[in-house]
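> Next come a sequence and a model predicted from it.
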Amino acid sequence: MTNFEKLVELLKKVPGAYMAGEMNDEGYVEHQFRPGAGPYNIYSISKSVTGCAFGILEADGLLHEDDRVYDLLSEYFPEGFDPRWKEVTLRHVMLHRTGVPPEANIDVDTMDFWADGRTDFLRHVFSLPIVHEPGAGPFIYCDTNYYIISRAVEKATGMTCAEFLQLRMFNPLEWRGNAWGTCPQNHTLGGTGLFARCRDLAAYGYMLACGGEFHGKRILTEDYIARARGEINGYGYGFSHSDDGRWFATYGMYGQGVYVLPEYRTAFVAIGHDMPTEEIRREIILPMHMK
């Protein structure tokens with residue numbers, strides 16, 4: 001039984017499983033557990049994808065980790081903002097270490113931002129105080145952070161993050177139909193809201209497993225991927241790194257995941273609700289690295 005077949009057998013026991021896929025040098029295989037519309041909301045997997053837009057622009061010389069948010073987006077800061085915002089860099093934002101309190105988060109999947117009066121996402125987050133030293137304070141997970149990255153991408157390119165990635169990543173990966181939610185001002189959400197097909201996520205993970213190349217096309221640098229996957233057993237730019245340093249993954253709400261295995265030039269995808277991420281890691285991923 002192949003590792004993908006083992007994954008399918010595991011997910012057959014999960015009532016909320018939708019799709020599973022694998023892509024490697026031999027091609028792509030998938031299994032559909034129930035009928036679906038095709039593109040699925042992949043929630044926080046969106047963060048790693050938005051981070052890749054930064055990675056592409058970094059290679060182009062247009063954005064850098066040490067760029068300060070205020071220098072890029074100064075026109076969106078309200079009067080009386082905390083001057084310590086001027087210390088916050090894009091790296092702090094992607095690592096969820098800006099120093100803001102939890103109230104910075106605007107989770108469009110679970111909250112009514114209209115009722116809360118948070119329809120201007122940037123104004124809301126930039127009006128909040130910096131309560132911890134940027135980069136040194138606690139990890140405060142926040143969808144709005146990758147919305148900030150999305151807006152930085154838009155500022156650098158003159159197009160939305162979704163439009164930019166369509167040209168520079170989705171089309172080269174031969175994605176087959178996707179969509180991305182927006183804020184009320186029609187800016188790409190960045191931190192969530194990307195809809196993608198199982199095959200397309202597998203291509204995304206396979207590209208990462210191959211060091212940033214897909215079918216001979218360079219999309220990301222190996223250096224960016226090494227930083228984006230984060231430190232061992234830690235969080236990077238939308239990715240979680242394994243405790244042995246040999247694989248990494250990006251996860252969405254309800255346990256959806258893209259598992260990237262560079263040693264095998266392979267990516268696994270699991271889409272659905274209440275997905276057994278611990279079992280997938282323990283029964284599928286870890287045994288592959290114990291050989």
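That came through, no problem.
> what does the domain assignment say about the protein?
Following automatic domain parsing, the chain resolves into domains at 1-38+197-291, 47-159.
> What ranges does this protein have for its strands?
17-24, 27-32, 40-41, 179-180, 194-196, 213-214, 217-218, 240-241, 248-252, 256-261, 266-272 (DSSP state E).
> okay, and for the chain, where does confidence drop off?
291 (pLDDT under 70).
> Residue nearest the middle of it, spatially speaking?
By C-alpha atoms, centre = their mean, the chain has its centre lying nearest to Ser48, at 2.0 Å.
> dump the residue contacts of the residue nearest to that one when sequence neighbours are not counted.
Nearest residue to Ser48, sequence neighbours excluded (C-beta to C-beta, 6 or more residues apart in numbering): Gly238, at 3.1 Å. Glycine gets a C-beta too; all of them are placed from N, C-alpha and C. When contacts are counted by C-beta atoms under 8 Å, 6 or more residues apart in numbering, Gly238 touches 44-51, 94, 146, 228, 250.
> Output those in TSV, with distance to Phe139 appended to each entry.
What follows is these, written out as TSV (distance: C-beta to C-beta, whole Å):
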residue	distance to Phe139
Ser44	14
Ile45	19
Ser46	19
Lys47	13
Ser48	16
Val49	20
Thr50	18
Gly51	16
Met94	12
Tyr146	14
Ala228	16
Thr250	16
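> ok, so of those, who is nearest Phe126?
Set against Phe126, the nearest of the contacts of Gly238 by C-beta to C-beta is Tyr146 (15.3 Å).
> I'd like to know how many residues surround the closest one.
Per other C-beta atoms under 10 Å, the neighbour tally for Tyr146 reads 29.
> Could you do Glu26 as well?
A count of nearby residues for Glu26, using other C-beta under 10 Å, gives 9.
> Could you do the one 5 residues further on as well?
By other C-beta under 10 Å, 17 other residues sit near His31.
> And Gly205, by the same measure?
Look at Gly205: counted by other C-beta under 10 Å, it has 28 neighbours.
> Return the residues in contact with it.
By C-beta under 8 Å, 6+ apart, the residues touching Gly205 are 23, 258-260, 267-269.
> Check Ala179 too.
39, 194-195.
> Against Gly252, how distant is the residue nearest to Asp200 when sequence neighbours are not counted?
Spatial nearest neighbour of Asp200, chain neighbours left out: Trp175 (4.2 Å); criterion: C-beta to C-beta, 6+ apart. Look at Trp175 and Gly252: by C-beta to C-beta, to the nearest Å, they are 17 Å apart.
> now swap in Asp60 and tell me
28 Å.
> Compare those two (neighbour count), which wins?
More neighbours surround Gly252 than the other of Asp60 and Gly252, with 23 against 11 (other C-beta under 10 Å).
> State the distance from that one to Ser127.
Counting by C-beta to C-beta, the gap from Gly252 to Ser127 is 28 Å.
> With Val153 instead?
For Val153, the distance to Ser127 equals 22 Å [C-beta to C-beta].
> Show me which of those two is the more surrounded one.
Neighbour count, other C-beta under 10 Å: between Val153 and Ser127, Val153 has more, with 28 against 16.
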